[in-house]
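*Asks:* coordinates only, sequence not included:
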């Protein structure tokens, strides 16, 4: 417990109590549609032993009914129908996060393919944007001689971080890991797709993670806040977080969804062609 005997400002994990940070999260989408358009939003965080979500609020203008469900990977989603004309949809909440960056273990080992848990095998295969078959030769030539384990995955992230330049508008919805490997330009999802592809080519399970990432304990960033992408890699007996875009550990990661690649965790999927007039993303620490 905290010194005053309560859990305010603290996160509890089993028998461990950790100091916490309060992070305001949310987003606001404004669409203009010619006809009524069904939509799926995936913007609500996954709760975990280390992340608690308070004060969740959905709102829309004009008001529209929503219903929630869990997708194939257990990610929370909501369904709605955007009315013809201009409409907005908003999600707000506060996430209670540990005042600590993600775990690191330089000694974590890789598993032989025949020893991998059944549920991790899907994350060794090619997917829509991650192409270990196409990038396999490069993966083995660059990283095949490195000692298997955490340090090899970190070397992959180091390479991707240095190889690609972050640039908005440099890729499209059709750009694969192979495309960005050639162009050397991309956004956070592209960094992640390329690193995942190299890992999978080496038979290391790697999955795509999408979420909120505030700038906690970092210099102010003048760029507008956006959703973030990183990856989780199976080493030893658990998943470990790696971030090839930022290439450093961070505080305040709030996971929205996990999947094979970005196609599995789209923030919004519309069954039609409405115009996205505005998108605002919020991920900032609440003042103490």
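*Replies:* Nice, I can see it. Just so you know, these numbers come straight off a predicted model, no measurement behind them.
*Asks:* Was I right to think residue 228 contacts residue 214?
*Replies:* No - counting by C-beta atoms under 8 Å, residue 228 sits too far from residue 214 to count as a contact (9.4 Å). Heads up, the C-betas are built off the backbone N, CA and C, glycines and all.
*Asks:* between these two, what contacts are shared?
*Replies:* residue 283 (C-beta atoms under 8 Å, 6 or more residues apart in numbering).
*Asks:* Check the gap between the closest residue to residue 42 other than its chain neighbours and residue 70 for me.
*Replies:* Spatial nearest neighbour of residue 42, excluding adjacent residues (C-beta to C-beta, 6 or more residues apart in numbering): residue 77 at 4.8 Å. Residue 77 is 7 Å from residue 70, where distance means C-beta to C-beta, to the nearest Å.
*Asks:* Between those two, tell me which one has more neighbours.
*Replies:* Per other C-beta atoms under 10 Å, whichever of residue 77 and residue 70 has more neighbours is residue 77, with 19 against 10.
*Asks:* who does that one bridge with?
*Replies:* Beta bridges link residue 77 to residue 69 when assigned by DSSP bridges.
*Asks:* Now do the same contact list for it.
*Replies:* 40-42, 44, 68-71.
*Asks:* cool, and residue 215?
*Replies:* Residue 215 neighbours (C-beta under 8 Å, 6+ apart): 221, 284.
*Asks:* repeat that for 7 Å
*Replies:* Counting by C-beta atoms under 7 Å, 6 or more residues apart in numbering, residue 215 touches residue 221.
*Asks:* Which parts of the stretch 1-150 of the chain are helices?
*Replies:* Counting by DSSP state H, counting those that start in this stretch, residue ranges of the helices within the stretch 1-150 of the chain are 136-143, 150-163.
*Asks:* Which residue, other than its chain neighbours, is closest to residue 250?
*Replies:* residue 101 (5.8 Å).
*Asks:* In terms of residue numbering, what are the domains of this protein?
*Replies:* 10-99+268-285, 113-263 (automatic domain parsing).
*Asks:* center of the protein - which residue?
*Replies:* Nearest to the geometric centre of the chain sits residue 210, at 1.8 Å (C-alpha atoms, centre = their mean).
*Asks:* thinking again about what came up before, to residue 105, which of the domains of the chain lies closest?
*Replies:* Checking these against residue 105 by C-beta to C-beta gives domain 113-263 as the closest, at 5.9 Å.
*Asks:* Would you mind measuring from the residue nearest to residue 250 to residue 217?
*Replies:* 9 Å.
*Asks:* now swap in residue 113 and tell me
*Replies:* Per C-beta to C-beta, residue 113 is found 39 Å from residue 217.
*Asks:* What of residue 207?
*Replies:* Taking C-beta to C-beta, one finds residue 207 at 27 Å from residue 217.
*Asks:* Show me which of these two is the more surrounded one.
*Replies:* residue 207 (25 against 12).
*Asks:* Quick check: closest non-adjacent residue to the more buried one.
*Replies:* In space, residue 207 is closest to residue 123, 4.6 Å off (C-beta to C-beta, 6+ apart).
*Asks:* tell me the contacts of that neighbour?
*Replies:* 205-207, 260.
*Asks:* right, and residue 62 touches residue 87 too?
*Replies:* Yes - if you go by C-beta atoms under 7 Å, residue 62 and residue 87 touch, sitting 6.3 Å apart.
*Asks:* more neighbours, these two?
*Replies:* Remark: of residue 62 and residue 87, residue 87 carries more neighbours, 23 against 10, as counted by other C-beta under 10 Å.
*Asks:* and the nearest residue to the more buried one once chain neighbours are set aside, bridged to which residues?
*Replies:* Residue nearest to residue 87 in three dimensions, not counting chain neighbours: residue 31, with 5.6 Å by C-beta to C-beta, 6+ apart. On the basis of DSSP bridges, residue 31 is bridged to residue 87, residue 276.
*Asks:* The helix or strand harbouring residue 211: what's the following helix or strand?
*Replies:* Residue 211 belongs to strand 206-212 when assigned by DSSP states H and E. Note on strand 206-212: by DSSP H and E, the next helix or strand toward the C-terminus is strand 228-235.
*Asks:* Report the buried residues of stretch 143-151.
*Replies:* 143, 148-150 (16 or more other C-beta atoms under 10 Å).
*Asks:* How about the contacts made by residue 110?
*Replies:* Shown in contact with residue 110 (C-beta under 7 Å, 6+ apart): 148-149, 204, 235.
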